[in-house]
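> Fold the following.
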Amino acid sequence: MSHTDLIKKVEWKDLKKLSVKEMLIENNISVPWFLISLFLSYKGYYLVAIPFSGFYFLTALRQVHNGFHNSLGTGKFLTWLSMYLNSISMMTSIHAVKFNHIRHHKFCLSEQDYEGKSASMKWYQAILYGPKHMFLIHWVTFKLANKDYKNKMILELFCISVFVFVVFYFSVNFLMYHILIMFFGEFLMAFFAVWTVHHDTHDNPQFARTQRGFWKNKLTFSMFYHMEHHLFPAVPTIKLPELAKRIDTVLPELDKKQTF
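Numbers count the residues shown, from 1 in each chain. Predicted coordinates for the structure are as follows:
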């Protein structure tokens with residue numbers, strides 16, 4: 001079944017709309033984890049802070065990912081502000097990531113899909129490829145993006161550089177921890193955000209891997225409903241569990257490769 005045929009069979013447009021409660025969740029889901037992580041690291045409990053930092057990174061990724069697809073339920077300025085602030089806290093230009101992610105949807109797993117390069121690698125190669133992946137994301141944006149994307153990327157990278165300089169110059173230990181753990185997370189993006197959801201799907205790239213199982217999806221904040229996202233990218237993450245139910249009901253025979 002083609003992508004077009006599937007879209008015709010599944011009701012999904014109503015899922016684009018967010019209630020006020022859902023909008024508040026999607027725009028603030030990372031805040032508690034961020035604050036707890038900073039508090040614990042400020043107190044010197046770095047090992048205890050690590051899982052909270054991990055959950056912050058994951059939920060912030062969910063937040064900006066919805067921003068990529070204008071699915072936060074807010075206007076342009078607030079969407080930009082969310083992505084800008086998360087750029088500084090996540091140690092990467094989120095607009096550079098957005099530029100490559102939109103191309104990823106358009107050219108999924110082709111030569112022009114720079115975000116998806118690690119999908120064809122072995123799992124350990126994808127992990128080792130992480131630092132190059134992050135460099136490539138910014139380099140491709142610099143080479144191929146329009147002026148607006150470039151200016152936003154330059155602003156974000158400048159602010160990140162100032163933040164890092166100030167933190168290390170004044171030896172602010174808990175923020176040094178945060179910076180280092182965020183860089184570590186960014187270096188794993190080629191594995192977690194690309195390889196896990198796209199490996200061995202080159203024959204039909206739009207049908208990415210997905211995840212079933214209540215607790216697995218709760219612990220990963222619904223970020224591994226990736227087949228559903230690729231088929232209906234305008235649907236906010238908070239609505240993906242309902243979208244998955246509709247796909248399973250209408251097309252129970254559809255092959256769903258599991259993420260893990």
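> shaky segments in the stretch 51-200 of the chain?
In the prediction, the stretch 51-200 of the chain carries no residues with pLDDT under 70.
> Could you count how many residues lie near residue 71?
21 (other C-beta atoms under 10 Å). C-beta: built from backbone N, CA, C; applies to glycine.
> quick one: contacts for it?
For residue 71, the contacting residues are 16, 18, 26, 234-237, by C-beta atoms under 8 Å, 6 or more residues apart in numbering.
> ok, now with 7 Å
Residues counted as contacts of residue 71 (C-beta atoms under 7 Å, 6 or more residues apart in numbering) are 234, 236.
> Make sure it is indeed in a helix.
No. According to DSSP: H, G, I helix; E, B strand; the rest coil, residue 71 belongs to no helix; its state is coil.
> quick one: the residue nearest in space to the middle of the chain and residue 220, what's the gap?
Closest to where the C-alpha atoms of the chain average out (C-alpha atoms, centre = their mean) is residue 61, at 3.9 Å. Using C-beta to C-beta, to the nearest Å, residue 61 is found at 11 Å from residue 220.
> With residue 244 instead?
13 Å.
> Residue 54 too?
Taking C-beta to C-beta, one finds residue 54 at 11 Å from residue 220.
> Quick check: pLDDT value at residue 256.
Predicted confidence (pLDDT) for residue 256: 81.
> what are the phi and psi angles of it?
Note on residue 256: its backbone torsions stand at phi -120, psi 100 [degrees, to the nearest 10].
> Quick check: closest non-adjacent residue to residue 223.
Spatial nearest neighbour of residue 223, excluding adjacent residues (C-beta to C-beta, 6 or more residues apart in numbering): residue 62 at 5.6 Å.
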